[in-house]
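Q: just a sequence and a predicted model for now, questions to come.
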Amino acid sequence: MYIYPATPESVREAARIIKGGGLVAFPTETVYGLGANALSPRAVAKIFAAKGRPQDNPLILHVRGIEEAARFAEVSPLAEKLARAFWPGPLTIVMRSLDIVPLVTRAGLATVAVRAPRNDTASALIREAGLPIAAPSANRSGRPSPTTARTVAEDLGDAVDMIIDGGETEVGVESTVADATGDGVIILRPGGVTREMLSEAARVLTPGGAPLRRSPGTRHRHYAPAVPLLPHRRGDVSSFAPLGRRWCYIGMTEPPEEGEPPLKKILFASAEDYAKGLYSTLRELETLCDVIVAELPEGGALGEAVRDRLKRAAGETI
Ligand code: AMP
Ligand code: MG
């Protein structure tokens, strides 16, 4: 068995594996990450192979703070402001890359995405390894991200050298990705640090007519359960018309009382609970139903992130 509890001994062993060019799955506050030495093209190539991840989807460098980030990226005043406000935490900052970061890690881009996680095991691992750790979510590419060690094992099996079990992750959806290479912040992916929180720290740009600067990863289908997912807007009864199949429901309010009742219904008390439970619930419901109807949360700090993931899980490219 290669799932180990999050103890100092397993962190030391994991650091040895990372330094030796291997793969370690570890908890962060967002979801489980699949980590490797970000400076080794061979180690990074193993991440892409294990996940079946498209080569044009760059990885996030996990570091311990601003000083470390400055060894791998140009930390602009704007990036520094964001890092001071939100690190350690679920904010990934896109900056201009230094040459030391291999092209495979950043998928050939001139920029690199950097984050300092606030999970104790994650930061102990980065410290112990003494390296920046490249880590995407520890799932097969396209599947819902893992929020438990067991899910990592189910998805990746022997492709990973070691899994550190730190229990269920705290936030449940991935980090916010913010581009800080320009005059203001551009949110490339909503996540644990909300638009409102970012706006308090810096100017957040809302790209108008200009072509949207996008995160390469947003081109790909993501977070999808094995059965179709139907996003549902509260009150929109029309989306229930084509059902007639064994369906399950997740949301924050009761589903409309149209036709057959759902086989299983899971209600979350807040957008934060929804975010936390989203991926494990999708993985559970895909084994029970032919279709999952998911209510798009209207408000809540994490509402935007949950809406984004649900739309992508349904196959929309945003
Ligand atoms: P994941 O680690 O699987 O949660 O995905 C990382 C996300 O960060 C993807 O959406 C990537 O496209 C995005 N990302 C990583 N590096 C960059 C970069 N240099 N510029 C823009 N987005 C990036
Ligand atoms: Mg991912």
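A: Perfect, thanks for sending it. This structure is a prediction, so every number in the text was calculated from the model and none was measured. Ligands and ions are numbered 1, 2, ... in the order given.
Q: where does the stretch 151-300 of the chain dip in pLDDT?
A: For the stretch 151-300 of the chain, residues meeting the criterion pLDDT under 70 lie at 207-215, 217-220, 238-244.
Q: just give me the neighbour total for residue 34.
A: Neighbour count for residue 34, taken as other C-beta atoms under 10 Å: 28. The way it works is simple: take the backbone N, C-alpha and C, and place the C-beta from them, glycine included.
Q: can you name the residues that contact the closest residue to residue 165 other than its chain neighbours?
A: Nearest residue to residue 165 in three dimensions, chain neighbours excluded: residue 149, at 3.7 Å (C-beta to C-beta, 6 or more residues apart in numbering). Contacts of residue 149 were listed using C-beta atoms under 8 Å, 6 or more residues apart in numbering, and they are 3, 25, 27, 32, 163, 164, 165, 166.
Q: mind redoing it with 7 Å?
A: Neighbouring residues of residue 149 by C-beta atoms under 7 Å, 6 or more residues apart in numbering: 3, 32, 163, 165.
Q: what of residue 313?
A: 223, 224, 225, 229, 282.
Q: the fourth one and residue 281: what is the separation?
A: Here residue 229 is placed at a distance of 11 Å from residue 281 (C-beta to C-beta, to the nearest Å).
Q: and the stretch 1-150 of the chain, which residues reach ligand 2?
A: Taking C-beta under 5 Å from the ion as the test, the list of the stretch 1-150 of the chain residues beside ligand 2 reads 136, 137.
Q: residue 229 and residue 281: which has the busier surroundings?
A: Shown here are residue 229 and residue 281; by other C-beta under 10 Å, residue 229 has more neighbours (25 against 22).
Q: in the sheet, who's paired with that one?
A: Going by DSSP bridges, residue 229 is paired in beta bridges with residue 292.
Q: OK, contacts around it?
A: 292, 294, 310, 313, 314.
Q: so residue 282 belongs to a helix, correct?
A: Yes: applying DSSP: H, G, I helix; E, B strand; the rest coil, one finds residue 282 inside a helix.
Q: that one reaches residue 225, doesn't it?
A: Yes: using C-beta atoms under 7 Å, residue 282 makes contact with residue 225 at a distance of 4.3 Å.
Q: need the overlap of contacts for those two.
A: Among the neighbours of residue 282, those also in contact with residue 225 (C-beta under 7 Å, 6+ apart) are 144, 292, 313.
Q: tell me how many other residues crowd the second one.
A: Read that as residue 292. When neighbours are counted by other C-beta under 10 Å, residue 292 comes out with 28.
Q: all helices of this structure, in order?
A: In the chain, the helices defined using DSSP state H lie at 8-19, 41-51, 66-69, 77-86, 120-129, 149-156, 195-201, 271-285, 303-313.
Q: out of the ones you listed, nearest to residue 97?
A: helix 66-69 (11.0 Å; C-beta to C-beta).
Q: and for residue 278, the neighbour number?
A: 26.
Q: ok, now which ones touch it?
A: Counted by C-beta under 7 Å, 6+ apart, residue 278 has contacts 172, 173, 306, 309.
Q: now the second one: how far from residue 77?
A: So the one you mean is residue 173. Using C-beta to C-beta, residue 173 is found at 29 Å from residue 77.
Q: more neighbours, the two?
A: Per other C-beta under 10 Å, whichever of residue 173 and residue 77 has more neighbours is residue 173, with 28 against 9.
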